[in-house]
Every structure is written in C-alpha cells, then in structure tokens.
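Q: please work out how this folds:
(one chain, ligands or ions: 1)
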Amino acid sequence: MLKFKCTFRNNGVSEGTFLRWWAKSGSLKNRLTRIKKMDETLPPLFTFGVIADIQYADIEDGFNYHHTRKRYYRNSLRLLRRANEKWKGEAVKPSFIIQLGDVIDGYNKKYNASETALKTVVNELDKSAIEVHHVWGNHEFYNFSRDELMISALNSRTTNDTTSTMSEDTTALEDTVESGNVSDTEESYAYHFSPAPHFRVAVLDAYDLSLIGRKEPSVRYYEALEIIQAHNNNDDLNHPPVFDGTERRFVKFNGGFSKCQLDWLDRLLTLSDEKLEKVVVVSHLPVHPYSTDPICLAWNYERVLSILHSHKCVVCFMAGHDHDGGYYRDASGVHHLTFEGVIETPPESDAFGTVYVYEDRMALRGNGRVADRVLLYP
Ligand SMILES: Nc1ncnc2c1ncn2[C@@H]1O[C@H](COP(=O)(O)OP(=O)(O)O)[C@@H](O)[C@H]1O
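A: Prediction:
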C-alpha cells in the first residue's frame, strides 16, 4: 500500500510534539520488545507461521502507485518457498500458517492469469503439508468475486476441519437484511479455530463493507458507498480525501467490518473470556493508527478497537496491507503487529515470521525485514 512516510494523526498535535511523544511511548516499547532475548530453552506449547502480501504475479518487477517502492512480483514466490522450507524444517513444526491476504497481485487479472497464479502459490504452500489459514485482502477481490473466493482454495474456513463458522456459533452468520426494495443475504468470510486448549484465532473479513468486496445491488455495497462518500468526494475514490491523518483511510482499496461481523466478534470474545482463552485476531487491514500508516486502516477501526479492549482474552491483532510493517502495544496491552509485505522485499532479504506460543507470552521470530519480538500477554 502506498503511503507518505511521515503521516500523523490529524489531531492538532504538531509533528515535533508527536515525534517526541512517539519516541517516549510507541517506538520505545517497540525497541524494548525487539531487544528482549527469546528464551528458546523452553519448548513452546505450539508454533505458527505468518506471512503477508505475497502478491505473486509472473511479470517483471514494477513499482507501487507513486513509484516510491519496488515490487518484486516473481521473486515473491521464491520468498514464499524460502519461508515454507524454513517452516518445514522447524524442530517444532508449525501447527498452521496464517497468510494475511493479497496472496496474488491484481495484475494477474489484467493478464487473465488469476487462476494460474493462485494455483502456483497454493501448490507452493501445499508442499509444507501445514494447514494454511487465508485472510482476504483487496487483491483477492481484484482477481476474484466473493462467490468465486468462497469456492476457491482461499476459503480456509471450509477446507480446514478445525474451523467454526459464525453460523455454527451462537447466532447465524448469514445476515438477512431487508431494506426498501433491496433484500439479500450477505455472508462474511469470518471464522475462528482453536489450535490448542485455551488458545483461539479469529479470522476477520475487512472487505465485508467495501466497494470491492461487495457488488451492487447488495445492502453492504450501498452501505459502503454511503460511508466512503461521506468522507471522500474525489472522482477517483482510490485517491485519499486529505493529505494527512486517519481520514486518509477512506479510499476504495480499504473497507470495514459489518455490524453483524462485529457483533459476532464481540460474542466470540465473550465466550473466550469465560473460557480463559488467549485470542489472536487477524485481518488484512490493521486497526490501530500507530501500528501502520493511517492510510491502510480499516474504515471502522475505532469500533474494532473498542471491542478488542472490552475483552481480557485478546492478546494480539495481526494484519498486512502496509508493506512497510509496523508494531504498537496499545494502552490495554494488546499487541498490534502489521507484517512487512513480501512483494516489496528485495531478493536478498525475507519477510515472514514464526510465532512460538508459551503459557505467558508469544515470541515472534522474524526473518529478514520482520523483527523478533516478545509479546507478553496483557
Ligand atoms: N493516491 C492514489 N490515487 C489514485 N489511485 C491510487 C492511489 N494510491 C493507490 N491507488 C490505486 O489503488 C489501488 C491499490 O493501491 P496499491 O498501492 O497498489 O495497493 P496495494 O499495496 O494493495 O497493492 C491500485 O489500483 C492503485 O492504482
């Protein structure tokens, strides 16, 4: 995702003041979590792999929209292979891999290569024989419709036995909405699974409310249109409405979470609280303004944050989308990790991580651009 490097929340705080505050809070905590040594003598309860924004395409290297970052379209497959080989060879084999979205690039659509490119990355991932949980990002919708994704290899909600859909939980996932003469049933791609006793992962659908993840005449498409038009009156809705701050997130390549999905998340986290579980929540779009360039935030990130903060079980929120990555531990102790994107990682480097889960913490072992971090539970 393209960003200007120095963007700050548009909250009346000067850049200098913000930088001083930043040095004292977020980035200092960043450095502390980075420098703490990981105790590798203890066996973890389980481990899992994480990778983001592979954006594979069988095309020459290119650039992002503003020509400020190189994109290595073919090399991204090589880096995925390297990650996979590392995971396959780990002493404690990862229980699963989280692929944080944008697994193939939108250019594939232009060259009629979406299916071929998807087969290529899925074949590569299959070689590890490790269960993969796929998150959907904007590039998934540049290549495929929601209906196509639902029956594709990228629907890990149905391909993995361990998952529970929203409809298997306390209330139905299918949110039947009647509004005027528009009536439809809109399914979200959100689910959860428990990789080990007392641990849970919730996979969210950040394009549930969006102009790319929904089609006319669906209720959620019109709801998304109303939201974006209230904030952005550019002819090209991919062009941010302002130059600075969190308002920049109101662009077409982002999206948000429907009320139905957020209510489900709230109920799920209530159950996890009762069971004394630790929960990792994942989505393509980040939800904390200090963990990402704000242009990459989910439209209704504040609502997600308030839900996360109302439950003791939440340990960590993992996202992709911002290829530069980011990290912030918020006031409730929730770790917000935005993973560096494979697509903008040079051939000599890497961008993936393995998370070692312990009773009292998680330890992220990063590779290449992804830093090591110790993530103590809140
Ligand atoms: N400032 C902008 N103005 C207009 N279109 C933009 C702008 N920034 C990005 N886009 C378009 O939005 C889409 C997503 O942008 P991109 O930076 O490629 O995102 P990603 O990191 O997800 O690949 C692309 O189609 C791109 O051309």
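
Q: how close does the residue of the stretch 101-250 of the chain at minimum distance from the ligand sit to Leu211?
A: Across the stretch 101-250 of the chain, the shortest distance to the ligand (C-beta to the nearest ligand atom) belongs to Asn238, at 3.3 Å. C-beta: built from backbone N, CA, C; applies to glycine. Computed as C-beta to C-beta, to the nearest Å, the Asn238 to Leu211 distance reads 10 Å.

Q: so what's the residue nearest to Ser152 when sequence neighbours are not counted up against?
A: Nearest residue to Ser152, sequence neighbours excluded (C-beta to C-beta, 6 or more residues apart in numbering): Phe144, at 6.5 Å. By C-beta atoms under 8 Å, 6 or more residues apart in numbering, Phe144 lies in contact with 114, 152, 154.

Q: next, count neighbours for the last one.
A: Here the number of neighbours of Leu154 (other C-beta atoms under 10 Å) works out to 25.

Q: excluding sequence neighbours, find me the nearest residue to it.
A: Closest residue in space to Leu154, ignoring its immediate chain neighbours: His134 at 4.6 Å, by C-beta to C-beta, 6+ apart.

Q: interface residues of the stretch 151-300 of the chain facing the ligand?
A: Residues of the stretch 151-300 of the chain lying close to the ligand by C-beta under 6 Å from any ligand atom are 236, 238-240, 253.

Q: and with 8 Å instead?
A: Within reach of the ligand by C-beta under 8 Å from any ligand atom, the stretch 151-300 of the chain has these residues: 236, 238-240, 251-253.

Q: from Asn238, how far off is the residue of the stretch 51-200 of the chain found nearest the ligand?
A: Proximity of the stretch 51-200 of the chain to the ligand (C-beta to the nearest ligand atom) peaks at Tyr65, 3.8 Å away. According to C-beta to C-beta, Tyr65 stands 8 Å off from Asn238.

Q: who's more crowded, these two?
A: Set Tyr65 next to Asn238 and count neighbours by other C-beta under 10 Å: Asn238 wins out with 14 against 11.

Q: my read: the residue nearest to Leu154 touches Asp102, true?
A: No. Counting by C-beta atoms under 8 Å, Asp102 is not a contact partner of His134; they are 10.6 Å apart.

Q: those two: which has the busier surroundings?
A: With neighbours defined as other C-beta under 10 Å, His134 and Asp102 compare such that Asp102 has more, 28 against 25.

Q: helix, strand or coil for that one?
A: Applying DSSP: H, G, I helix; E, B strand; the rest coil to Asp102 yields a three-state assignment of coil.

Q: pLDDT at it, what is it?
A: pLDDT, Asp102: 99.

Q: let's number from 9 now, not from 1
A: New numbering, starting at 9: the last item is Asp110.

Q: contacting residues for Lys96?
A: With contacts defined as C-beta under 8 Å, 6+ apart, Lys96 is in contact with 135-138.

Q: in helices only, show me those.
A: Of those, none are assigned to helices by DSSP state H.

Q: strands along the stretch 9-158 of the chain, start to end?
A: Taking DSSP state E, counting those that start in this stretch as the criterion, the stretch 9-158 of the chain carries its strands at 54-59, 70-71, 78-79, 104-107, 139-142.

Q: distance to Ser266 added to these, as a markdown table?
A: A markdown table is the format used below for the strands of the stretch 9-158 of the chain (distance: least, C-beta to C-beta, whole Å):
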| stretch | distance to Ser266 |
| --- | --- |
| strand 54-59 | 25 |
| strand 70-71 | 34 |
| strand 78-79 | 31 |
| strand 104-107 | 22 |
| strand 139-142 | 20 |
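
Q: make CSV from those and add distance to the ligand and mean pLDDT to it.
A: Shown next, in CSV, are the strands of the stretch 9-158 of the chain (distance: least, C-beta to the nearest ligand atom, whole Å; pLDDT from 0 to 100):
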stretch, distance to the ligand, mean pLDDT
strand 54-59, 15, 98
strand 70-71, 9, 98
strand 78-79, 8, 98
strand 104-107, 15, 98
strand 139-142, 16, 98
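
Q: and Asp274, how far from Glu310?
A: To Glu310, Asp274 is 14 Å away according to C-beta to C-beta.
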